[in-house]
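1. structure of the sequence below:
(chains A and B)
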Amino acid sequence: MVRTAVALLFSVLCISLPAGRLVAAAGPIPQQAPVNARAQAMVDFKKRVDGYLELRRAVTQKYPEVKETGNPAKIHEREVNLGKGIAMARANAKAGDIFAPVSRQLLTIVENDWNSRSPADQKAMLSELPKGLILKINQPYPPNLPLATAPSKLLAQLPMLPEELEYRLLNRRLLLRDRDANLIVDVVVGTEPNRTE
Amino acid sequence: MRLRHFLLVGLLTLGCGGLVAQQAPTVKPAARSAAAQAAKPSLEISPPREMDSVRFGILGDTGTGDRRQYEVGAQMTKAMQIFPFEFVIMLGDNIYGSERPQDFVRKFEKPYGGILSQKIPFYASLGNHDDPTQRYYKPFNMNGERFYTFKKGDARFFALDSNYMDQPQLKWIEEQLSRANDRWKIAFFHHPLYSSGERHGSEVDLRTRLEPLFVKYGVDIVFAGHEHFYERVVPQKGIYYFTQGGSAKLREGNIRVNSALTAKGYDTDNVFMVAELGKDSMQFQVVSRTGRRVDSGSLPLMPEPKQAEDKSRSQ
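-> Numbers count the residues shown, from 1 in each chain, chains lettered A, B, ... in the order given. The predicted structure is shown next:
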């Protein structure tokens, strides 16, 4: 919890710094400094992530973290039950529930990252994409498909997440996945023209 | 039938051991005469060279559950009699496709049953086909962590999660590497920082993050998979790189011809690898599914980077 808070606070600072510099450069500092819109968005995003973690914690009371075991059935069972439990607890979840406050910022980061890559790198990234993936909020990530690798350069620019959650990049779609529940928690879809997959 | 097979394996094992004791483990020429091929034993592997060395096996991209995986597993089990390795590292894609309980049996426990039955531990890293919950699977010895470290003799191993190289993991790696005073520092993970693969190639993004740390803290050897072939890379910035993602899947002919990165490449059959960390060098052997040694050699321990030397002196 503390780690999450620190991580997100760090992200807020990182993202808000450039904007802060812009404000300072634009003219004299007003008496009442306006709220940095991007920082505010990050605070909202953090609240939503925390809300998800709170809900998740309630479900994990019923399905506690599995200890190391030689019985993969126990691991599988816990993953499935945790996923179903969370999905039930947020039965009305829809795209944007978590990402909405920062979706524009995230997509800008994703697009800038993509545009900064060489054609060869872009081609390699596209070749890694799992084929036939249909994304649905609150549904498991298809267990037969590989996980799209999250490029480390991109990860360094995105707001940090708690250990329970991870980003996955699928072409223009940025996915929020619950790592142990294998659940698609949220997705944000870019508006740029389709890249050839 | 079974007795005959047993005798045959025993004879070949003895014969091979006798042969290789006199043989310097240098890289062998690929071309041989048909007569020499016919006279060859079914498993070309040399015994370890040093008494107290750290000996281990290396498998990558294993979890298909198909015939090729089983055949490599059988050869590796046989190899254990000549080259008794103490543990095996896995370079990711441990279980392809579905990860139901029965898949762990078919794609891991059965093909390596002969090794597991000798209580040889496996240490896994995660590939892009692996559900991160594999870290709870006891036979993978990940201690419930996506990235972890363990020590064997004079060597420290760092298993990384290259699918998700986020800031906490990078911070952890730096902390762990800065603390390590071991003679050998070995990193293993799924995505290769250097590769001549036509399909994937080098993971430049990841390299930008990891290589400076590896260089700074004196990592000696890096093992990766992902590419379904074997490649020994020309040393880069004082570090030896191996790609060994061909232990079950095979991407035939995928190594770019005339790649400046390749010291030795093999992309025509599946392989396993064994290595021995001695006082001053690492011996390695790469053996194909049919028992042919396709690469071997001795790599000297590189000098420690200055910073690490200074650090160890001050402690």
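2. what strand or helix carries B:Tyr241?
-> Taking DSSP states H and E as the definition, B:Tyr241 sits inside strand B:239-244.
3. who are the packing partners of that strand?
-> Contacts defined by 3 or more Cβ pairs under 8 Å, 6 or more residues apart in numbering or on different chains; DSSP states H and E place strand B:239-244 against strand B:54-59, helix B:204-217, strand B:221-224, strand B:230-236, strand B:271-277, strand B:281-288. Where C-beta positions appear, they are placed from N, C-alpha and C, glycine not excepted.
4. and the helices in the stretch 51-200 of chain B?
-> Remark: helices assigned in the stretch 51-200 of chain B by DSSP state H, counting those that start in this stretch are B:67-82, B:101-104, B:113-116, B:167-179.
5. right, I mislabeled it, should have said chain A
-> Remark: helices assigned in chain A by DSSP state H are A:2-26, A:37-62, A:72-89, A:103-115, A:119-127, A:152-155.
6. follow-up on the earlier one: out of the helices and strands packed on strand B:239-244, flag the one nearest chain A.
-> Comparing the helices and strands packed on strand B:239-244 against chain A with Cβ to the nearest Cβ, the closest turns out to be helix B:204-217 (4.8 Å).
7. the closest one vs strand B:230-236, what angle?
-> If you take axes from the mean of the first three to the mean of the last three Cα atoms, to 10 degrees, helix B:204-217 sits at 60 degrees to strand B:230-236.
8. now helix B:204-217: buried residues?
-> For helix B:204-217, the buried set under the neighbour-count rule, 16 or more other Cβ atoms under 10 Å in any protein chain shown, comprises B:Val204, B:Asp205, B:Leu206, B:Arg207, B:Arg209, B:Leu210, B:Glu211, B:Leu213, B:Phe214, B:Tyr217.
9. one step back: deepest of the helices of the stretch 51-200 of chain B, which one?
-> Highest mean neighbour count among these (mean count of other Cβ atoms under 10 Å in any protein chain shown): helix B:67-82, with a mean of 20.
10. for it, packing partners?
-> Helices and strands touching helix B:67-82, by 3+ Cβ pairs under 8 Å, 6+ apart, are helix B:2-20, strand B:54-59, helix B:113-116, strand B:271-277, strand B:281-288.
11. out of those, which gets the lowest mean score?
-> Among the helices and strands packed on helix B:67-82, helix B:2-20 has the lowest mean pLDDT, at a mean of 38.
12. could you list the low-pLDDT ranges of the chain?
-> In the absence of a named chain, chain A is used. Residue ranges of chain A with pLDDT under 70: A:1-34, A:191-197.
13. not quite, I wanted chain B
-> Low-confidence segments of chain B (pLDDT under 70): B:1-41, B:306-315.
14. up against chain A, what does chain B have?
-> B:97-101, B:103-104, B:128-134, B:136-139, B:142-144, B:162-168, B:170, B:191, B:199-201, B:204-206, B:208-209 (Cβ under 8 Å from any Cβ of the partner chain).
15. and the gap between B:Phe157 and chain A?
-> For B:Phe157, the distance to chain A (Cβ to the nearest Cβ, to the nearest Å) stands at 18 Å.
16. again with B:Asn254
-> 12 Å.
17. hang on, isn't that residue packed against B:Gly197?
-> Yes: the pair B:Asn254 / B:Gly197 is scored as a contact, 5.5 Å apart, by Cβ atoms under 8 Å.
18. and the two? Which one has more around it.
-> B:Gly197 (24 against 19; other Cβ atoms under 10 Å in any protein chain shown).
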